[in-house]
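**Student:** with the sequence up front, the predicted model follows.
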Amino acid sequence: MNIIACVKQVPDTEAQIKVKADGSGIEDGQIKWVMNPYDEFGVEEALKLKEKNGGDVTIVSVGPARAMETIRTALAMGADKGIHISDPALDNADAFVTASALAAAIKGLPHDIIFCGQRAIDDDSGQVGAMLAELLGIPQLTLVTKLDFAGSSVKVIRPIEGAQLSIETSLPCVVTAQKGLNEPRYASLPGIMKAKKKPVDVKNAAALGIASDVKAKVAKVVPPPARAAGKIICGDDAAQKAAELARCLREEAKAI
Amino acid sequence: MGNSIVNTRDQRFVLYEQIGIDKLFTTDKYSGFSRDMVDMVLTEAEKFAVEMLLPAYDIADKQDPATFKDGKVHAPVCFQEPYRRYCEAGWIGPAVPVELGGQGLPMSVFAACLELFGAANYAFQMYPGLTLGAASMIATHGTPEQVQKYALKMFSGEWSGTMCLTEPGAGSDVGASRTSARKLPDGTYSITGTKCFISSGDHDLTRQIVHPVLARIEGDPPGTKGISIFIVPKYRVEADGSLGKANDVVASNIEHKMGIKGSATCTLNFGENGACTGELLGNEREGIKIMFQMMNEARFGTGMQGLDFASAAFEHAVQYAKERIQSKKIEDFTNPAAESVAIINHADIRRSLLWMKAHVEGMRAMNYFIAYCIDQEHCAATEEEKERAKGFVDLLTPICKAYCTDRGVEICSLGMDVFGGYGYCSEYPMEQYVRDVKIATIYEGTNYIQSLDFVGRKLGQNKGKNIMNLFGEITKIIQSAKSVEALSSYAVHLENAMNSTIALTMRLGQWAKSLDYIIPVMNARPLLMIVGDVVIGWKLFEAAIIAQEKLAALYARLGVNEAQGRALAKDNSEVAFYQGKLANARYFASNVLPTIDGRCACIGLTDKTPVEMAEESFSV
Ligand SMILES: Cc1cc2nc3c(=O)[nH]c(=O)nc-3n(C[C@H](O)[C@H](O)[C@H](O)COP(=O)(O)OP(=O)(O)OC[C@H]3O[C@@H](n4cnc5c(N)ncnc54)[C@H](O)[C@@H]3O)c2cc1C
Ligand SMILES: Cc1cc2nc3c(=O)[nH]c(=O)nc-3n(C[C@H](O)[C@H](O)[C@H](O)COP(=O)(O)OP(=O)(O)OC[C@H]3O[C@@H](n4cnc5c(N)ncnc54)[C@H](O)[C@@H]3O)c2cc1C
């Protein structure tokens, strides 16, 4: 089985994000970077499929030089090889450019199933997986929490409000992973030692024949407004306090 | 920061910038490693510590401690899953050679991983930690069959291990052991006796537990020289390696303790029914010598425990001090309109935090340095370098154990003070830190026993060459610091402290030969702490010199002068980090090092009141 898992390097959820003074983006020099948590589910599912059915797992990532760490982490978890799409021209890639780059790299590879995270926790756009499937002209199964592989097709569960969908499709397809799909393994020490020797191809935009024609441009990045102090409603009379609460919610917070 | 237990930026500073472990990667032994790889190991260790071990820290203390029920010992249930995954990921013996199932990682890197695991959950870490120590001892001193039979399964975590020294009548005085061994016709030994306080002595994380047991073969002389060491498994091992019947090792109870409640501390009865057999490890009557390998590793591990808790307490205290709003700034005290501020604005809190920070970072640098010296013992090019490295390990191990645990207790206590009344209550981890860290001053040889070893053996070891090598290194740092403008006036305090210490150690020799021999015996603990402070001072200055260079480069790159650079700490975490290193050295030099002269003078007075006064006068 030829399995592909796409991963993105994102700031750690615990990292303190500082916006650049000119609003062009975030200060990225001093934060800790990790594998997008939803991508971890994808990598884990890819490894489980491989363990059960044989084959190999290729990791593909679009990102600057430091994204190599994330590829190595996936290799340390047990993936076999990597493709690192790295090009300064792609630094401001939007979801479309990223998906185009992934599609260009994956087109040339045998692929039965492609995993992506359902979204990346940095920009939360949630579009890359779907666009990738469209660009490759194959089915997409998004927000998957359970996956069963049956030879030439897969059957998945996707939760929707108050119910769940059971969807089946033929291969190849793109699956975007949602929390609950599995519990990602930790990279083992032997895995880390082996990861160094596994092959990673580095490709630039020219090699893939893609251009950075972004459809979405970042106009300005601004930090969210500082949260105002909370308000405590004092008093002994519950009814009076409830009335005051309702008034605050309506007139001050304009929530009701 | 981020993880609330260990500053991983400082870990990397010590490894890469202060020690320069990259030097190891150019040696044959460690040529397979690189900084990328080490970074990945550290990142994974942190992830594992924070995600798997930390959540069980409080649970294993309160709802789910180790228990003794129906004659069986149970480890905390919340340790089961982390233990399984810990073994799977290969964390038991990363520094163990590849042939034995490890990864051959440098000890200095493993020390950094251990700090993360210990700071996240020390009681948990004791199970694999003792297993590693016991397995390494078997790997070094066992026959090839014993290595195959026991050590390999222990390094993988399938079986666990302990160390069985203490008995009701033999605590500090290990030589008083009454556990006995009788040789059987098949060459094995029948073991009889009771050991107490045995950590991980029984539990259900693994089915098999392998006990290295100190015992005296019938007819052998009394004292330590008559003691041998035996491998005594909980279940007998069949020829094919599978587990046979129980080996008459029975846990009769576990202790109810102040802290580390997740760790099962057991009383073990060996051979109550005359059916406990063990294999000799090494030669007869070499038990103490062999056990010392494990004890030295365990002493380093216990010193790390002091650092682990100190680090976690410090990180929590800083965080809390930034959040807790209480009292106005001193300059606003008479201004009714002024608002209260976060307590990190108060001078006393800052003084406390910097005292903690300087000690934590100094101890981290010292402990990783010891681990690095262990690496050098393995890979140094010349015998001379090896001997030098080994000398540092020998000399600094008792300091690591006693200094880091005594200071660890003080740091946790001070950390609790920063939390005010909330620190005393169980919704914050501070009270657990205070309880959990305290045992470290007692077990693995009490801090007095460490100090006696330091003063009585280690100081004079190798004809005093080891300590002179240490003072040589410190002198180099003093000289460099004197040529750095930002540090020169402070370096004098390190110089004075070292000179007072050298003068005092010179007198030790004379005392030893006179009626004053009791002076170093009685003052071993303050003596060890004096040398410990000098060592910490050395490491803090070494770090500050590097920091000053890095700051100059940073300022140059940012195109600012010193004064402007100082204001950058708010927004630039690298600037802030390096400035913190300068602060450590300056604070320690101004507030700790000058006390050394007075402390040396106290011992120099050769007052013997404690030993001369009547026993009755202590309390009537
Ligand atoms: C939680 C816990 C876990 C433990 N785990 C293990 C384990 O896994 N394996 C194991 O073998 N042991 C273990 N121990 C035992 C521990 O190592 C001993 O408690 C320790 O060595 C001290 O021995 P003791 O308790 O008998 O104290 P004692 O030896 O009675 O000491 C009491 C005091 O007297 C002092 N003292 C003793 N002799 C001298 C002397 N000659 N000169 C001056 N002062 C002296 C000591 O420093 C101490 O302050 C553990 C203990 C605890 C509490
Ligand atoms: C078990 C227990 C019993 C208690 N019993 C009583 C009781 O019977 N009656 C009662 O009234 N209270 C009681 N208390 C409360 C106790 O007196 C307070 O906890 C204590 O006064 C500290 O206040 P705090 O906890 O709010 O800490 P904080 O005031 O928040 O102090 C936190 C830290 O900041 C420092 N700090 C605060 N302000 C300054 C400043 N201006 N300059 C420098 N440092 C500063 C403190 O020294 C401390 O280190 C009790 C508390 C406990 C835990």
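**Tutor:** Noted; the coordinates are in hand. Numbering: from 1, shown residues only, chains lettered A, B, ... in the order given. Ligands and ions are numbered 1, 2, ... in the order given.
**Student:** could you point out the helix or strand that follows the helix or strand hosting residue B:509?
**Tutor:** Here residue B:509 sits within helix B:488-512, counting by DSSP states H and E. Using DSSP H and E, the helix or strand that follows helix B:488-512 towards the C-terminus is helix B:518-522.
**Student:** which residues does that next one contact?
**Tutor:** Helix B:518-522 has contacts (CB atoms under 8 Å, 6 or more residues apart in numbering or on different chains) with B:452, B:455, B:456, B:508, B:511, B:512, B:527, B:603, B:606, B:608, B:610, B:611. For every residue, glycine as well, the C-beta is placed using N, CA and C.
**Student:** which positions within it qualify as buried?
**Tutor:** Of all the residues in helix B:518-522, those buried under the rule 16 or more other CB atoms under 10 Å in any protein chain shown are B:519, B:520, B:521, B:522.
**Student:** which residue ranges of the stretch 101-250 of chain B form strands?
**Tutor:** With strands called from DSSP state E, counting those that start in this stretch, the stretch 101-250 of chain B shows them at B:160-161, B:180-183, B:189-199, B:209-217, B:227-233, B:235-237, B:243-246, B:249-254.
**Student:** return the most buried member of these.
**Tutor:** strand B:160-161 (a mean of 30; mean count of other CB atoms under 10 Å in any protein chain shown).
**Student:** find the closest residue to ligand 1 in the stretch 51-200 of chain A.
**Tutor:** Nearest residue of the stretch 51-200 of chain A to ligand 1, counting by CB to the nearest ligand atom: residue A:189, 26.0 Å away.
**Student:** spell out which parts of the stretch 51-200 of chain A neighbour ligand 1.
**Tutor:** Within the stretch 51-200 of chain A, no position is adjacent to ligand 1 by CB under 6 Å from any ligand atom.
**Student:** which parts of the stretch 51-200 of chain A are helices?
**Tutor:** In the stretch 51-200 of chain A, the helices defined using DSSP state H, counting those that start in this stretch lie at A:67-77, A:95-107, A:128-136, A:189-195.
**Student:** pLDDT below threshold where in the stretch 151-300 of chain B?
**Tutor:** Within the stretch 151-300 of chain B, not a single segment meets pLDDT under 70.
**Student:** do you know how far the residue in it that ligand 2 sits nearest to is from chain A?
**Tutor:** When scored by CB to the nearest ligand atom, the stretch 151-300 of chain B has residue B:258 as its residue closest to ligand 2, at 17.6 Å. Applying CB to the nearest CB, to the nearest Å, one obtains 32 Å for the distance of residue B:258 from chain A.
**Student:** any idea how many residues pack against that residue?
**Tutor:** Close neighbours of residue B:258, defined as other CB atoms under 10 Å in any protein chain shown, add up to 11.
**Student:** quick one, what contacts it?
**Tutor:** Residue B:258 neighbours (CB under 8 Å, 6+ apart): B:435, B:438, B:439.
**Student:** and the residue nearest to residue B:68 when sequence neighbours are not counted, bridged to which residues?
**Tutor:** Computed as CB to CB, 6 or more residues apart in numbering or on different chains, the closest residue to residue B:68 that is not its neighbour in sequence is residue B:254, at 4.5 Å. Under the criterion DSSP bridges, residue B:254 forms beta bridges with residue B:266.
**Student:** wait, residue B:254 touches residue B:66, no?
**Tutor:** Yes: in this structure, residue B:254 is within contact of residue B:66 by CB atoms under 8 Å, at 6.1 Å.
**Student:** shared neighbours, those two?
**Tutor:** Common neighbours of residue B:254 and residue B:66 (CB under 8 Å, 6+ apart) are B:73, B:264, B:265.
**Student:** and for the last one, the neighbour number?
**Tutor:** To tie it back to what came earlier, the one meant is residue B:265. When neighbours are counted by other CB under 10 Å, residue B:265 registers 22.
**Student:** how about it, what does it touch?
**Tutor:** Per CB under 8 Å, 6+ apart, neighbours of residue B:265: B:66, B:197, B:198, B:199, B:201, B:254, B:255, B:257.
**Student:** now do the strands in the stretch 1-150 of chain A.
**Tutor:** For the stretch 1-150 of chain A, the strands defined by DSSP E, counting those that start in this stretch occupy A:2-6, A:9-11, A:33-35, A:56-62, A:81-85, A:113-117, A:140-144, A:146-150.
**Student:** can you tell me the strand partners of the second one and which way each runs?
**Tutor:** Using DSSP bridges, the strands paired with strand A:9-11 are strand A:33-35 (antiparallel).
**Student:** how far out from the middle of the chain is the partner strand?
**Tutor:** 11 Å (CA atoms, centre = their mean, to the nearest Å).
**Student:** hmm, back to that, between the shared contacts of residue B:254 and residue B:66, which sits nearest residue A:69?
**Tutor:** Nearest to residue A:69 among those: residue B:264, at 39.0 Å, using CB to CB.
**Student:** what's the nearest residue to the closest one if we skip its chain neighbours?
**Tutor:** Computed as CB to CB, 6+ apart, the closest residue to residue B:264 that is not its neighbour in sequence is residue B:66, at 3.8 Å.
**Student:** how about the residues of chain B by chain A?
**Tutor:** B:2-3, B:32, B:34, B:36-37, B:39-41, B:43-44, B:47-48, B:52, B:85, B:88-91, B:94, B:103, B:105, B:571-574 (CB under 8 Å from any CB of the partner chain).
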